Every structure is written in C-alpha cells, then in structure tokens.
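Peer 1: I'd like to go over a predicted model; first the sequence, then the structure.
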Amino acid sequence: MDHYVVIDLHSNNSYTAIIDNDNKNVFKKKTKNDLRLVLHALKPYRVQVKGIVVESTYNWYWLVDGLIEEGYTIHLANPSAIKQYSGLKHSDDLTDAFHLANLLRLGILRTGYIYPKEERPVRDLLRKRTQLVHQRTLQIQSYQNLVSRNLGKGMNGNAVKKLSEDDVEHLFHDKHLVVAGKVSIATILFLAEKIKQLEKTLHKVAKLRDEYRLLMTVPGIQKILALTIMYETGPIERFAKVGNYASYCRCVGSRRLSNEKVKGKGNRKNGNKHLCWAYVEAAHHALWHYEYVERYYQRKMAKTNLIVARKTIAHKLARACYYIIRDQKEFDPTRVFV
C-alpha cells in the first residue's frame with residue numbers, strides 16, 4: 001500500500017507524518033533536525049513511500065538534498081500558495097502535516113521547483129550581493145537624512161558614494177554629528193568593497209548559458225542583472241505561459257476574482273522577490289538611458305502615476321525576457337515599446 005509523507009520543518013526540529021491510501025494516519029513523530037534521525041524514522045516505510053512533502057522554508061536545502069540522495073521522491077510545497085485554501089492551517093503542526101499529506105495523496109498539492117543543488121551556491125552569492133546593495137542604500141539614505149536635517153541641503157546618492165571619512169570632518173561643526181557621519185561613510189565604503197569582491201567572484205564562477213548574452217541586449221540589463229535573471233529564472237520551460245512568468249516575477253497586480261468580480265486582495269508575496277528587484281532595477285536604468293523607453297514612460301504617465309508607470313516598464317521587460325530566453329532571440333524594441 002502506498003504511503004504519503006510530510007515533514008513539517010522548523011528551525012531546530014521537524015514533525016514527520018505519514019498516511020496511507022485510505023487517508024489513515026500511519027505514523028507521527030517529532031525529531032531534531034538531523035538527517036540520520038529523519039531517515040531512521042522513515043526506514044520502516046521505505047518501500048511504500050510514494051512521495052515526501054517538504055515546505056519551502058528558509059532552511060530546506062539540507063533535508064531535501066539528503067532525501068533526494070537517498071532516492072526519495074520529493075515535493076517542495078509553497079507555504080504561501082497553500083494558505084490560499086480555506087481551512088488548511090489547523091491547530092497544530094501534526095494536523096497541518098497530515099492535511100498536506102492528504103493533498104499529496106489526492107494529487108492537488110501545489111508544489112514548487114527544486115533548484116539544482118550544484119547551481120544554488122552561485123544564486124545565493126547573487127542574493128548576498130543584492131542584500132549588501134540594499135544595506136548600502138540604507139546607509140546612503142541615512143547619511144542624506146543627516147545632512148538634510150542638520151544643514152538644510154540635499155546630496156544625491158552618487159555624491160555620497162564618493163565621500164571619504166575626511167570629507168565628513170569639515171562638513172559638520174558638532175563632533176557627535178561628525179562621528180555619525182563617519183560611521184555611515186565608513187560602512188558605505190566597506191559595503192562597496194565587499195560588493196566588488198562578490199562581483200569579481202561571480203564573474204569567475206558563474207556558468208554562463210546562451211541566454212546570458214541575449215539578456216544583455218535588453219535595455220537596462222547589464223552583467224549582474226543578466227546573471228540574476230538567468231539564475232533566478234532557471235529553466236524557462238517550467239513557465240507554461242508568459243503571464244505565469246510575469247506573475248512569478250511579481251510584475252503583475254495581485255487580486256482574487258470570483259464571477260469576474262474582485263474579491264479582496266491576493267498574496268503579493270507569491271513569486272520571486274529577487275526577479276522583481278532585478279526587473280525594477282532594469283526599468284530604472286532603461287528609463288534613464290533609452291529614449292524610446294522614456295517616451296513610452298511619458299505616455300503612461302499621462303494616464304497614471306509614477307509608480308504604476310515604472311512598474312509597467314518592469315512588466316514589459318519581464319515579458320520580453322521570457323520570450324528571449326524561450327526563443328533564444330535578441331531583444332527587439334519595436335515589439336515591446338510601441
């Protein structure tokens with residue numbers, strides 16, 4: 001008789017739940033996060049196990065990789081998508097796990113893509129770079145606010161990036177403001193150096209596919225953004241339609257419809273935030289450096305607001321990249337910004 005397993009993974013422990021073909025509870029156990037203990041718990045049911053569900057929490061790598069290496073069929077479940085089903089989240093972890101096992105048994109469990117183990121380290125390096133860029137931006141904004149509050153003048157981000165700690169010494173008269181300013185500038189310089197180190201490593205270790213060169217024909221997309229889009233997208237075949245890809249990139253509105261009527265908001269956290277960031281960044285750069293993008297933007301601005309107009313450009317670029325990767329063709333502006 002087939003068995004269906006769910007491992008509800010937490011930071012330090014996990015709950016294993018097993019049901020059979022008749023949706024009867026066969027086994028339940030809480031174990032520490034140790035692959036040997038998990039495998040030991042599964043061993044008596046090894047032959048009957050049809051599949052194992054693991055939620056795509058922040059710490060799933062070690063468990064999914066270990067189970068795959070042992071020959072188990074793994075289904076990576078998307079927690080945010082599962083919550084869309086009314087009544088799914090029950091009172092405790094075990095009842096929740098048994099419910100997921102039943103969804104797998106019925107063949108209606110929504111599952112996600114298991115990113116290849118060998119490519120994950122490079123993708124995570126790209127994500128680390130993005131994290132450092134965000135942190136540098138926060139420090140730049142902090143310094144800009146310091147100047148604006150105390151001196152009554154503005155300073156753009158590029159000017160802040162060029163400052164040294166010595167420059168701060170002569171800008172403020174109060175010694176405490178000097179200390180605050182120096183800390184911000186020192187942090188900005190430190191992060192800039194680490195970002196540069198990561199970029200150097202990435203260009204050495206990244207395995208470039210054909211779409212890398214093609215992606216750089218898209219306005220606003222250069223080396224790092226092309227790498228980010230390539231690694232975060234993965235095989236384009238997993239997206240049946242361009243709309244699926246744009247939605248995964250968080251480039252479309254989030255809403256729920258019933259009988260063609262809006263029924264509340266959808267889940268804006270569904271999808272890939274790193275692709276969303278990449279396309280918004282690309283849209284920003286394209287707007288400043290390509291006249292035909294700027295003309296399109298102005299037409300949109302006449303009908304809507306700044307945020308929506310920029311998001312529309314990001315949406316256009318995401319759709320264009322889908323076809324570029326799928327069809328292996330260079331970017332054609334006449335088919336996008338008309």
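Peer 2: Arrived safely. Numbers count the residues shown, from 1 in each chain.
Peer 1: got a list of contacts for stretch 295-304?
Peer 2: 287, 308-310, 312-313, 316, 337 (Cβ atoms under 8 Å, 6 or more residues apart in numbering). Glycine gets a C-beta too; all of them are placed from N, C-alpha and C.
Peer 1: where do the helices sit along the protein?
Peer 2: Assigned by DSSP state H, the chain shows helices spanning 35-42, 61-69, 79-82, 93-106, 120-151, 157-161, 165-169, 175-205, 210-215, 223-233, 242-248, 273-289, 291-301, 306-327.
Peer 1: flag every buried residue along the last one.
Peer 2: Okay, so that is helix 306-327. Of the residues in helix 306-327, 309-325 count as buried by neighbour count, 16 or more other Cβ atoms under 10 Å.
Peer 1: got the domain boundaries for this structure?
Peer 2: 3-112, 120-207, 211-335 (automatic domain parsing).
Peer 1: just send those back as CSV, with mean pLDDT too.
Peer 2: Shown next, in CSV, are the domains of the chain (pLDDT from 0 to 100):
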stretch, mean pLDDT
domain 3-112, 89
domain 120-207, 95
domain 211-335, 88
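Peer 1: who touches stretch 13-31?
Peer 2: Residues from elsewhere that reach stretch 13-31 (Cβ under 8 Å, 6+ apart): 1-8, 32-33, 37-38, 41-42, 45, 48-49, 63, 93-94, 97-98, 100-102, 105.
Peer 1: and these, which are buried?
Peer 2: The buried subset of the contacts of stretch 13-31 - by 16+ other Cβ under 10 Å - is 3-8, 38, 41-42, 49, 63, 93-94, 97-98, 100-102, 105.
Peer 1: so residue 132 touches residue 193, yeah?
Peer 2: No: Residue 132 is beyond contact range of residue 193, at 10.0 Å (criterion: Cβ atoms under 8 Å).
Peer 1: now do the end-to-end distance for stretch 45-57.
Peer 2: Taking Cα to Cα, to the nearest Å, stretch 45-57 runs 25 Å from one end to the other.
Peer 1: identify each buried residue in that stretch, please.
Peer 2: Using 16+ other Cβ under 10 Å as the test for burial, stretch 45-57 gives 49, 51-56.
Peer 1: likewise stretch 331-338?
Peer 2: 331, 336-337.
Peer 1: with stretch 169-177 instead?
Peer 2: For stretch 169-177, burial by neighbour count (16+ other Cβ under 10 Å) applies to 172, 177.
Peer 1: please apply the same query to stretch 296-306.
Peer 2: For stretch 296-306, the neighbour count (16+ other Cβ under 10 Å) marks 296-297, 300 as buried.
Peer 1: take the residues you listed and write them to CSV, including distance to residue 112.
Peer 2: Formatted as CSV, these follow (distance: Cβ to Cβ, whole Å):
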residue, distance to residue 112
296, 34
297, 34
300, 33
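Peer 1: out of those, flag the one nearest to residue 219.
Peer 2: Nearest to residue 219 among the buried residues of stretch 296-306, counting by Cβ to Cβ, is residue 296 at 10.6 Å.
Peer 1: farthest from the middle of the protein: give me that residue.
Peer 2: residue 173 (43.5 Å; Cα atoms, centre = their mean).
Peer 1: how close does it get to residue 141?
Peer 2: Residue 173 sits 23 Å away from residue 141, going by Cβ to Cβ, to the nearest Å.
Peer 1: coming back round to it: CSV for the buried residues of stretch 331-338, including distance to residue 210?
Peer 2: Listed next are the buried residues of stretch 331-338 as CSV, based on distance: Cβ to Cβ, whole Å:
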residue, distance to residue 210
331, 14
336, 20
337, 24
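Peer 1: ok, for residue 238, nearest residue in space, not its chain neighbours?
Peer 2: Counting by Cβ to Cβ, 6 or more residues apart in numbering, residue 238 lies nearest to residue 113, which is 5.6 Å off, once chain neighbours are set aside.
Peer 1: let me see the contact set for residue 185.
Peer 2: Residue 185 neighbours (Cβ under 8 Å, 6+ apart): 143, 160, 163-165, 167-168.
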